[in-house]
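Enquirer: what would the 3D arrangement of this be:
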Amino acid sequence: MTGPFGVPGGLEKYPESRYADYAFYSVGWTYEQQGEFQKAIQTYGELPSKYPRSGLAPASRVRVGAVYLNQREPKKAISALNAAMPKIETEDGRGEAQYLIGEAHYQLGDNASALKAYDEFLATYRTHRLERDVRYARGWIYLQEGNYARRSAYSTDSPPRRTRSPSRPFFERPRPSSFPESGRKPSPRSRAWWRSIARAECRQRPL
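Expert: Next comes the predicted model:
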């Protein structure tokens with residue numbers, strides 16, 4: 001038997017359990033993995049009001065925006081994340097929300113707003129776990145725009161290890177292996193990594 005939003009009846013039976021918030025969050029995560037995104041958004045959105053003292057409340061607010069972003073609804077993601085930012089108590093949660101706002105603008109094709117969001121992130125969250133992701137995202141935008149002088153400032157950054165961000169959208173920027181004509185894939189920590197992308201980019205440009 002299930003309760004509202006498919007939450008197991010046992011959770012309704014023991015709402016004061018010390019694990020109730022984890023169970024509720026897990027329901028939202030399960031919906032998300034099963035592709036029932038509206039139910040996931042609804043469940044994540046309910047958690048902070050049901051369990052305001054939960055350590056999962058910030059993550060739940062971020063997940064709402066992340067689900068919208070994964071569904072290619074960047075405008076809804078931006079709206080949800082901007083509304084959530086003042087209510088996110090942890091620096092880690094605010095930093096992740098700021099990163100996803102930049103990703104949403106990038107998904108919209110608004111590179112200027114994406115760079116602004118990334119700049120705000122780097123100015124505020126210098127030691128955040130997603131700092132490398134943000135620097136890589138900035139470098140890729142400069143590369144796309146042909147701004148190689150600005151891109152070179154990020155040439156020593158290697159591609160981020162995506163497993164560290166649970167709210168990472170399911171779209172990716174191209175990697176060197178996306179260009180089979182670039183030959184052997186260089187070490188991800190070398191400057192050759194960026195040069196291989198630049199060469200592939202130049203080959204795609206009309207003479």
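
Enquirer: so who does the closest residue to Glu145 other than its chain neighbours touch?
Expert: Closest residue to Glu145 apart from its sequence neighbours, by C-beta to C-beta, 6 or more residues apart in numbering: Asn111 at 6.7 Å. Where C-beta positions appear, they are placed from N, C-alpha and C, glycine not excepted. By C-beta atoms under 8 Å, 6 or more residues apart in numbering, the residues touching Asn111 are 105, 141, 144-145.

Enquirer: of these, keep whichever come out buried.
Expert: Buried by 16 or more other C-beta atoms under 10 Å: 105, 141, out of the contacts of Asn111.

Enquirer: return the subset of the contacts of Asn111 lying in helices.
Expert: Judged by DSSP state H, the contacts of Asn111 include 105, 141, 144 as members of helices.

Enquirer: any idea which of these is least confident?
Expert: Confidence by pLDDT is poorest for Gln144 among the ones in helices among the contacts of Asn111, given 84.

Enquirer: now that residue: how far from Arg18?
Expert: The gap separating Gln144 from Arg18 is 48 Å, by C-beta to C-beta, to the nearest Å.

Enquirer: over to Ala123?
Expert: 38 Å.

Enquirer: Arg61 too?
Expert: 21 Å.

Enquirer: these two - which one has more neighbours?
Expert: Using other C-beta atoms under 10 Å as the criterion, Arg61 and Arg18 rank with Arg61 on top: 26 against 7.

Enquirer: local confidence estimate at the more buried one?
Expert: 92.

Enquirer: skipping adjacent residues, who's closest to it in space?
Expert: Nearest one to Arg61, counting by C-beta to C-beta, 6+ apart, is Ala84 at 3.9 Å.

Enquirer: the one you found: neighbour count?
Expert: Ala84 has 21 nearby residues by other C-beta under 10 Å.

Enquirer: next, the contact list for it, please.
Expert: 61-62, 64-65, 97.

Enquirer: low-confidence ranges in this protein?
Expert: 1-17, 148-207 (pLDDT under 70).

Enquirer: repeat that with 50
Expert: The chain contains residues with pLDDT under 50 at 1-5, 8, 14, 155-157, 161-172, 174-189, 204-207.

Enquirer: tell me which stretches of it form helices.
Expert: Counting by DSSP H, the helices of the chain are 9-13, 20-33, 37-50, 57-70, 74-84, 91-108, 111-124, 131-144, 148-151, 191-204.

Enquirer: tell me which of the ones you listed is the most buried.
Expert: Across the helices of the chain, averaging neighbours per residue (mean count of other C-beta atoms under 10 Å) puts helix 57-70 on top, at a mean of 25.

Enquirer: for the nearest residue to Lys75 once chain neighbours are set aside, give its distance to Ala114.
Expert: Distance criterion C-beta to C-beta, 6+ apart; nearest residue to Lys75, sequence neighbours excluded, is Leu108 at 7.2 Å. To Ala114, Leu108 is 8 Å away according to C-beta to C-beta.
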